[in-house]
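1. Sharing a model that was predicted from the sequence below.
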Amino acid sequence: MDNNNQRFAFVDLCKVLAMFLVTWAHCAQQLSGNLFPVLLISKDSFISFNMAIFMIASGYVMNVSKMRETSLSEFMYSKIIRLLVPMVTWLLIWSLIIYPKHLDYWFAYWYLSSLFICLLTIKILTRIFSSDLAICITSIICLSLIPLHSFERICYMIPFLWVGYLLKFIVNRINIKIALVLTVLYLILYSFWDVHFSIYLSPFHIVDIDANLLFSAVYRFTIGAIGGLAIISWIYIGVDRYRLKWMSYFARSGEYTLVFYTMSFVLNALLAKIMWHFGFILSTPVLLDIVSFILSVAMMAVMLYFQKKLEYNKICCILLGIVYRK
């Protein structure tokens, strides 16, 4: 792993890990028939930091200076092609093949639409403010004012984007002591974690605020940020110190997380359809952990094979979110 690629290698490793945990958690959901399956290993902890890692990674690679130089039309076009087109394609595949009579499952791909709106908001604000701090504060406030319930996850995710943006300016200061402190803090916060009061179920809007909701939102942001940064810190230290070949291999897979993310929903939906057809439910701890883990590894292998098979077809790459190889 050369020094040129090292800066982003640990970010890609974080994305691969987060993507596997998402696949694993969704697989366990389908096997158990439970929205919040009780896994012996995770105990729903994945949800506390998973999507935060994705957003922090996106913030880390966000280039505000370049956003200022890019025209609004060009910026929108690139993000529509990169984020929304694959989202719509996989939504149609999922809806038409898995659930033919239900085209309202678009919300499953909320992360992509959330990221698109967050980035577009920041892009527009670069036309107004020269200060990154002003853009940060204003974007968080603006997106927290969105009244529609369908977009509650945007105001939840936008702060993590800025955590990632800040991280790239201080990443060189990360060491084992910092990683240990973050880990201990996360474990303390996790002792109070209750997945049934996830931020997904109780959106935070500053136009409709009370003390309990404010405390809940602050707690959920804090546990997500600290948990995400703890994992990122350990991966950064590992990549910086050891630079093992397997790290380089998995880091290269980090650029495929878009197709992994979109396709994993279809694979897990297929799994659910099979489970429902045979009336099979698996809820035994340990066994659920092991089976869902093995199936998730198999899904990741299938998705990687899918990427490799179509990566030279430009149209397929655009429609399906596959990384194009010329």
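-> Perfect, thanks for sending it. Numbers count the residues shown, from 1 in each chain.

2. pLDDT-wise, which helix or strand of this structure ranks last?
-> Least confident helix or strand, the chain: helix 245-253 with a mean of 77, by mean pLDDT, DSSP states H and E.

3. For that one, give me every contacting residue.
-> Under the criterion CB atoms under 8 Å, 6 or more residues apart in numbering, residues 1, 5, 8-10, 12-13, 16, 238-239, 304 lie in contact with helix 245-253. For glycine as for every other residue, the C-beta is placed from the backbone atoms N, C-alpha and C.

4. For it, buried residues please.
-> 247-248, 250-251, 253 (16 or more other CB atoms under 10 Å).

5. picking that back up, which among the contacts of helix 245-253 gets closest to I135?
-> Among the contacts of helix 245-253, F8 lies closest to I135 (CB to CB), at 22.7 Å.

6. which helices and strands sit right next to the regular element (helix or strand) spanning the closest one?
-> Applying DSSP states H and E as the criterion places F8 in helix 3-32. Applying 3 or more CB pairs under 8 Å, 6 or more residues apart in numbering; DSSP states H and E, we find helix 3-32 packed against helix 46-60, helix 211-241, helix 245-253, helix 257-278, helix 287-310.

7. Which one of those lies nearest to N34?
-> In terms of CB to CB, the element of those nearest to N34 is helix 287-310, at 9.5 Å.

8. for the closest one, which positions count as buried?
-> 288-289, 292-293, 295-296, 299-300, 303, 306-307, 310.

9. Check stretch 308-319 too.
-> 310-311, 316-317, 319.

10. what's the span of that stretch from first residue to last?
-> Distance across stretch 308-319, first residue to last, is 15 Å (CA to CA, to the nearest Å).

11. So the residue lying farthest from the centre of the chain versus L31, what's the distance?
-> Centroid-distance maximum for the chain: F278 at 31.6 Å, with CA atoms, centre = their mean. Distance, F278 to L31, using CB to CB, to the nearest Å: 12 Å.

12. Measure how buried the residue lying closest to V239 once chain neighbours are set aside is and give me the count.
-> Among residues not flanking V239 along the chain, F10 sits closest, at 4.3 Å (CB to CB, 6 or more residues apart in numbering). Using other CB atoms under 10 Å, F10 has 26 other residues around it.

13. Surely F10 and R243 touch.
-> No. Using CB atoms under 8 Å, F10 makes no contact with R243, being 10.4 Å away.

14. Same list (the helices and strands packed on helix 3-32) but as JSON lines, adding distance to W94.
-> Below are the helices and strands packed on helix 3-32 laid out as JSON lines (distance: least, CB to CB, whole Å):
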{"stretch": "helix 46-60", "distance to W94": "19"}
{"stretch": "helix 211-241", "distance to W94": "26"}
{"stretch": "helix 245-253", "distance to W94": "23"}
{"stretch": "helix 257-278", "distance to W94": "5"}
{"stretch": "helix 287-310", "distance to W94": "14"}
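
15. Of all the ones you listed, which one is nearest L92?
-> The closest of the helices and strands packed on helix 3-32 to L92 is helix 257-278. By CB to CB, the value is 10.5 Å.

16. Distance from the closest one to the middle of the chain?
-> Computed by CA atoms, centre = their mean, to the nearest Å, the chain-centroid distance of helix 257-278 equals 17 Å.

17. could you give me the average pLDDT of that helix?
-> What helix 257-278 shows for mean pLDDT is 88.

18. Over to stretch 158-171?
-> 93.

19. which of the residues in it are buried?
-> Across stretch 158-171, burial judged by 16+ other CB under 10 Å covers 158-165, 167-168, 171.

20. between those residues, which is nearest S78?
-> Of all the buried residues of stretch 158-171, S78 sits closest to L161, with 17.2 Å by CB to CB.
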